[in-house]
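Colleague: pasting the sequence and the predicted model now:
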Amino acid sequence: MLGLCALLGFPSLGPAGMLDTPLPIFSDGKSAQVVGLLPRVIKKDNLETVVACTNLDTVAVNIGLEVFDKDGVLVNSIVAGNGEILNVAVGATRTIGTGRPELLTVDHRILMIPVLANGSGRVVASERDVFCHAMVVDEVHVIVEPSICPTCQVPTLVSAPVWACGNSILDPFEECDDGNAVGGDGCEGDCTTGAPPICGDSVVTAPETCDPPGSSVGGNGNLCRGDCTVCGDSVVDAGEECDDGNGINGDGCGNDCKVTVTTTVCSATPLVGCLPPAASGKSQLQIKDQGANGPGPKDKIQWKWFKGPSLTQADFGDPLSSNGAVYKFCVYAGATPSVVVAMQVPAGGTCSGKPCWRALGTKGYRYGDRRLSSDGVKKLILKGGAAGKSKILIQGKDGNLPLPTLPLGSDGPLIAQLSSSDPNAACFEQSFSQASVTRNEAKQLNARAP
């Protein structure tokens, strides 16, 4: 019995055949759906696996058992009739097994199954309302009165686990189980929470309140933000810095519900003394404005500053606490340089339930915000190291980006700078000559340092 209990212990969920294999079609043409998963199927040492299923539906149903070997390979074909019972009457119970044990009546035996010590199974039916129970049964021995045969071996019959959706038990592979097969109630009929809404598909799906990002909402200039929520409803939602109930810029709260950016974000002219990369050709700037009507989900601003000089963590300042270093990314253009991009990354804060900032050991810091709540910034990586090993990467996307109007003028260089509010921190830059601007069109600008 100890050996059998070990066999029936929960498996290391390696074989994924019962999860990944396409659902079968019954031999009468009806489609199948999963009603139970068997993490362990045994056919070895005179032990057989038997599944008993009861039709709780209001119509006759087809029932089938698919068996998979230890590598997750299907070993029987329901469409060929091997492993199925058709037209099980309402209220009736039928059994399907890997063999025909003496102890139980098996209505259908699956043929051509190899020896299995670590197989798995999938119970399918033409309707969902089917209840199944699995057993591992002694194939040879039967129950005999001890007075007749005191030395006869007692037959083995042990329940085997069946993972089923809709039984209010959260089994492995289930995201939820609310005890029913009804969808749209927060737990779908297949025990998943349902596909999350796709922000940017122009379909408003809860919890979205608008779609696509950048579109006007409500007719008064309110802006759909990058996370498909509405700015301008007079409610300061998570990710909003302000909400004054309108979509008007220039009144202190912009139509993206951010406090209006002023010249304090970026200085009017480029800073002096900022550090360029230590190696040539290791800085790139990309600006994408893919939306035909302003900011949209495919927009992007990215600056790479790689292979910098020798830097320590202290050279970046410390952004971990709420009163720590605030970073500013500024791009200047023109013969008389003026600000065309101004992005700010705040210190501290919480993003999607976790700290926005984390230390990269003792070398630097990393910022991550999937909600893109600060000027559309998704990530900022500040990493120090020996000369040639330090790097900076800032990346922003979607409708919150402060995009310039493209194409930019060609009468001067582009200067990208990242600075910190920490007076002891370094400033970093790259100047791109017009010759290093490889693309400057209405939808995209690319520049690569020579």
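Modeller: Sure, I can see it.

Colleague: any figure for the gap between the most centrally placed residue in the chain and residue 434?
Modeller: Using CA atoms, centre = their mean, the residue of the chain that lies closest to the mean C-alpha position is residue 196, 9.0 Å off. Note on residue 196: its distance to residue 434, by CB to CB, to the nearest Å, is 43 Å. All C-beta atoms are positioned from the backbone trio N, CA, C, and that covers glycine.

Colleague: and what of residue 347?
Modeller: Distance from residue 347 to residue 434, by CB to CB: 36 Å.

Colleague: neighbour-wise, which of the two wins?
Modeller: Counted by other CB atoms under 10 Å, residue 347 and residue 434 do not tie: residue 347 has more neighbours, with 21 against 13.

Colleague: wait, that one sits on residue 325?
Modeller: Yes. The pair residue 347 / residue 325 is scored as a contact, 5.7 Å apart, by CB atoms under 8 Å.

Colleague: what touches both of those two?
Modeller: 319, 421 (CB atoms under 8 Å, 6 or more residues apart in numbering).

Colleague: element containing the closest residue to residue 47 other than its chain neighbours?
Modeller: Among residues not flanking residue 47 along the chain, residue 136 sits closest, at 5.5 Å (CB to CB, 6 or more residues apart in numbering). Counting by DSSP states H and E, the element that carries residue 136 is strand 130-138.

Colleague: direction included, what does that strand pair against?
Modeller: Note on strand 130-138: by DSSP bridges, its sheet partners are strand 47-55 (antiparallel), strand 157-160 (antiparallel).

Colleague: lowest average confidence across those, which one?
Modeller: When the strands paired with strand 130-138 are compared on mean pLDDT, strand 157-160 scores lowest, with a mean of 80.

Colleague: name the helices or strands packed onto the following helix or strand past that strand?
Modeller: Going down the chain from strand 157-160, the next helix or strand is strand 216-217, by DSSP H and E. Strand 216-217 is packed against strand 222-224, with contacts defined by 3 or more CB pairs under 8 Å, 6 or more residues apart in numbering; DSSP states H and E.

Colleague: and the helix or strand that comes right after the strand it packs on, what does it pack against?
Modeller: Sequence order places strand 230-231 as the next helix or strand after strand 222-224, per DSSP H and E. Packing partners of strand 230-231 (3+ CB pairs under 8 Å, 6+ apart): strand 222-224.

Colleague: avg pLDDT for the strand it packs on?
Modeller: Mean predicted confidence for strand 222-224 is 73.

Colleague: likewise for stretch 199-213?
Modeller: 80.

Colleague: list the buried residues of it.
Modeller: 199-200, 204, 208-213 (16 or more other CB atoms under 10 Å).

Colleague: could I get it in CSV with only the CA atoms?
Modeller: The C-alpha trace of stretch 199-213 is given here as CSV (Å, rounded to 0.1, in the frame of the first residue of the first chain):
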residue,chain,number,x,y,z
CYS,A,199,-5.6,48.9,-24.1
GLY,A,200,-5.3,50.4,-27.6
ASP,A,201,-7.7,48.0,-29.5
SER,A,202,-10.4,50.8,-29.6
VAL,A,203,-12.8,48.5,-27.6
VAL,A,204,-13.7,49.7,-24.2
THR,A,205,-13.6,46.7,-21.9
ALA,A,206,-13.9,46.9,-18.1
PRO,A,207,-12.0,48.2,-16.2
GLU,A,208,-11.2,50.5,-19.1
THR,A,209,-13.2,53.7,-19.3
CYS,A,210,-12.0,54.7,-22.7
ASP,A,211,-10.0,53.4,-25.7
PRO,A,212,-7.8,54.2,-27.6
PRO,A,213,-5.3,56.2,-25.6
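
Colleague: low-confidence ranges in the stretch 1-150 of the chain?
Modeller: Applying pLDDT under 70 to the stretch 1-150 of the chain flags residues 1-16, 143.

Colleague: where do the strands sit along it?
Modeller: Assignment of strands within the stretch 1-150 of the chain using DSSP state E, counting those that start in this stretch yields the ranges 33-43, 47-55, 61-68, 84-88, 93-97, 108-109, 116-125, 130-138.

Colleague: and the ones you listed, which is most packed in?
Modeller: Highest mean neighbour count among these (mean count of other CB atoms under 10 Å): strand 61-68, with a mean of 27.
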